[in-house]
Every structure is written in C-alpha cells, then in structure tokens.
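*Asks:* Got a predicted structure plus its sequence, pasted below:
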Amino acid sequence: MAQTDDYEASTRGGKADQLAEFEDTHKGLLGHLHNILHQAPALVPLIVLVLAVIIFGLLNDNFWRVSTLSLIFQQIGIVGILGIAQALVILTAGIDLSVGAIAVLSSVIMGQFTFRYGIPPPVAIACGLAAGGLMGSLNGILVAKLRIPPFITTLGTWQIFLAANYIYSANETIRSQELDAQAPQLKFWGSTFNVGDARVTYGVVLLLALVAIMAYVLRQTAWGRHVYAVGDDEEAAQLSGVNRSRQLIQVYTLAGFFCALAGWVMIGRFGSVSPSASTGQLGNIQAITAVVIGGISLFGGRGTIIGMFLGALIVGAFEMGLRLAGADAQWTFLLIGILIIAAVAVDQWIRKVSA
C-alpha cells in the first residue's frame, strides 16, 4: 500500500510538474511577445509599413519609384511635425486638440507681421514661433495649475485660437506672388533640392532632424525620462522628485513651438498664408492618428517618436497607394479607421498582460 501511495503521489507530482512546465512555457511565449511589444512599441507600425509598401508596390509598380516615395515624405511633413507635438503631450497622459489651430494662427502672425506692419521676415518668423510657444504654455498652465482636464482645456483653446485666427487676419490670404516678392523666407521650407531621382524639400529635412533630436531627448536625457514618468504614474513621479506642474508646462510649451514650426512649413508647402487652411480644422485629428497608429499609448508613459513617424508614413503610404490603385478616397478613411482601432486594441492587450 505504501508503495502504491508513493507511486500515485509521484505520478500526481509528475503530472503537476508537467502542467506547470506547460503553463510556464505558454506564459513565457506570451510574456516574450509582450516584452518585445512593450520595449519596442514601434515594431508593429514598422511591420505594417513594410507590408503596405510591398502590397501597394505589387498593385502598381509606380509606387516603388523614388519620386513617389519622396512625394509621400513631402505630404507628411506638416502632419509629422504636428505629430511630434501631439506625441509629447500624449506621453504625459494628456491630449492637445489645438495643435492645428496653433499652427495656422502662428503662420498668420508671421505673414501679417510682415505685410501689415512691415516687420522684417526673420523677425516676423521669430514672433510667430514665440506666439506658438506662448499658446502652448497657456494650455500647460491651464492643465498643470488649474487642473482642467487636457481634453476640455485644448478643446476650448482650439476654438479660441481658431476664432482669433479669422478675426486677426480678417480672413485675408497672402498669396504666393506676394511672398515671392517681399518675404521669400516664409516659403523657405517648401524649397526643394535633388538627391538622385528624388526631389526633397527642406521641410522633410526639418522633420527628419526633429524626429532624430526628440527621439534622443526622450530616451537619453533626464527631461525625457521625466516626461515618461509623469505619463506612466503621476504620483510616483512626484514622489521621486519630478515637478509635475513644471514638466507639463514645459511639454505643452515645446509642443506649441513645434506647432508654430509646422505652421512655417505649411506656408512653404502650400505657397501662401491662408487662415482657412484645412490644418486648423483637421491637423489635430491627423496628428492623433499618426500617434496612435505609431504605437504611442493614449494612456501615457509608453511609445516613441520613431513610432509616431512610422505612423505618419503609414497614413501617407495608404493615401498614395490607394490613389495609384484607383480606389475611392473613402477606402483610405476606412482602412485608417481600422488601423486606429487595432492599434488601441494592441495597447489595451499589452496593458492587460502587464497588470
């Protein structure tokens, strides 16, 4: 009887050990996948982008032409810079619905200061950039000091900045011929140069430089780590010595400055200073789309600027690929909507596994 009991016990123990080993292996696979996505959130948009380039290239050989790919980069120049601004805010677990309005109003200030008041273009540009930073700092003060939720704050300031844009400009457009004659500096970022068969704008160079700089700042500096800390756990960040209010104000101010840069690039891209530019209405949605598809968590504390850049490229690739394929433009919105939902679902899964 004792031998039988020992046999049964050893058998039960063996099965339990085997089951535990199976469960550990199973959890280990999921855990390994989770760790990869958690440590490299830009991996998913990178895979999506590669697949999109392959598929659209197979559908139409023109998609793989250097000229087509360079055009995609030109088209995402404004959205990419707005996406950097939006990414900084979302990493702190906030959101900025006013990025497009800040960009347009800043561009209008640059143009009106030059043509209405006769201020030299370089000084007018500096004033526009400073105005963007001030608008961003207003958002930051309202969020950090008055504790108004970021969504409500920036929804309100979006309306204010957009209305101020129309009131101040009297809905007057400064056309390309006027800019060429008196203020070509305002169109600087729209200037092009050739790299082989590719035509590259200086706005694309600026975007790439900003992506590289901010990727380094967020990952390699104390300031960047504080941005992630505030977004990941605000209370823990404060206990570790991070000044929450100061950090948020700095983030929103820098975001506003980047929006003003996007406004300057917008003048070069469109060739005019227009208060009615669609960026004011749609810029925030386009920036949020690039951020979400790029794997930056809407809950803050996770994601990379590189991911946002890949997200913007995905949107540009889908728009160009479907256009070359002769598809209705509505298919772009449908597929981008699916990508947004899928990106948020992946983020939720990662957070659930982490819990």
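*Replies:* That came through fine.
*Asks:* Find the residue at the geometric middle of this protein.
*Replies:* With distances taken as C-alpha atoms, centre = their mean, the residue of the chain nearest its centroid is residue 83 (2.6 Å).
*Asks:* pLDDT on the helix or strand encompassing that one, on average?
*Replies:* Using DSSP states H and E, residue 83 sits in helix 77-91. Mean pLDDT, computed over helix 77-91, is 96.
*Asks:* can you tell me how far residue 86 sits from residue 167?
*Replies:* 26 Å (C-beta to C-beta, to the nearest Å). For glycine as for every other residue, the C-beta is placed from the backbone atoms N, C-alpha and C.
*Asks:* got it, and residue 188?
*Replies:* Distance from residue 188 to residue 167, by C-beta to C-beta: 28 Å.
*Asks:* Neighbour count: those two, which is higher?
*Replies:* Neighbours per residue (other C-beta atoms under 10 Å) separate residue 188 from residue 167, with residue 188 holding more: 18 against 10.
*Asks:* Help me confirm that that one comes into contact with residue 268.
*Replies:* Yes: Residue 188 lies in contact with residue 268 (C-beta atoms under 8 Å); the separation is 6.0 Å.
*Asks:* where do the contact lists of these two overlap?
*Replies:* residue 202 (C-beta atoms under 8 Å, 6 or more residues apart in numbering).
*Asks:* C-alpha coordinates for the helix or strand where residue 208 lies, PDB please?
*Replies:* Using DSSP H and E, residue 208 sits within helix 202-220. Provided in PDB are the C-alpha atoms of helix 202-220 (Å, rounded to 0.1, in the frame of the first residue of the first chain):
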ATOM      1  CA  TYR A 202      13.800  71.300 -46.700                       C
ATOM      2  CA  GLY A 203      10.600  70.700 -44.700                       C
ATOM      3  CA  VAL A 204      11.300  67.000 -45.000                       C
ATOM      4  CA  VAL A 205      14.800  67.500 -43.800                       C
ATOM      5  CA  LEU A 206      13.500  69.500 -40.800                       C
ATOM      6  CA  LEU A 207      11.000  66.700 -40.000                       C
ATOM      7  CA  LEU A 208      13.800  64.100 -40.000                       C
ATOM      8  CA  ALA A 209      16.000  66.200 -37.900                       C
ATOM      9  CA  LEU A 210      13.300  66.900 -35.300                       C
ATOM     10  CA  VAL A 211      12.400  63.200 -35.100                       C
ATOM     11  CA  ALA A 212      16.100  62.300 -34.500                       C
ATOM     12  CA  ILE A 213      16.600  65.000 -31.900                       C
ATOM     13  CA  MET A 214      13.400  64.300 -29.900                       C
ATOM     14  CA  ALA A 215      14.000  60.500 -30.100                       C
ATOM     15  CA  TYR A 216      17.400  61.200 -28.400                       C
ATOM     16  CA  VAL A 217      16.000  63.700 -25.900                       C
ATOM     17  CA  LEU A 218      13.200  61.400 -24.800                       C
ATOM     18  CA  ARG A 219      15.400  58.300 -24.400                       C
ATOM     19  CA  GLN A 220      18.700  59.700 -23.300                       C
END
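*Asks:* orientation of that helix relative to helix 77-91 in degrees?
*Replies:* 20 degrees (axes from the mean of the first three to the mean of the last three C-alpha atoms, to 10 degrees).
*Asks:* So what touches helix 202-220?
*Replies:* 70, 73-74, 76-78, 80-81, 84, 88, 91, 188-193, 223-224, 227-228, 258, 261, 265, 268-269, 304-306, 309.
*Asks:* In it, which residues are buried?
*Replies:* By 16 or more other C-beta atoms under 10 Å, the buried positions in helix 202-220 come out as 202, 203, 204, 206, 207, 210, 211, 214, 215, 218.
*Asks:* Ok, stretch 292-312 next?
*Replies:* 292-298, 300-312.
*Asks:* coming back round to it: out of the buried residues of helix 202-220, the closest to residue 285 would be?
*Replies:* Using C-beta to C-beta, residue 207 comes nearest to residue 285 of these, at 18.8 Å.
*Asks:* Spatially nearest residue to that closest one (excluding sequence neighbours)?
*Replies:* Nearest non-adjacent residue to residue 207, counting by C-beta to C-beta, 6 or more residues apart in numbering: residue 80, 4.5 Å away.
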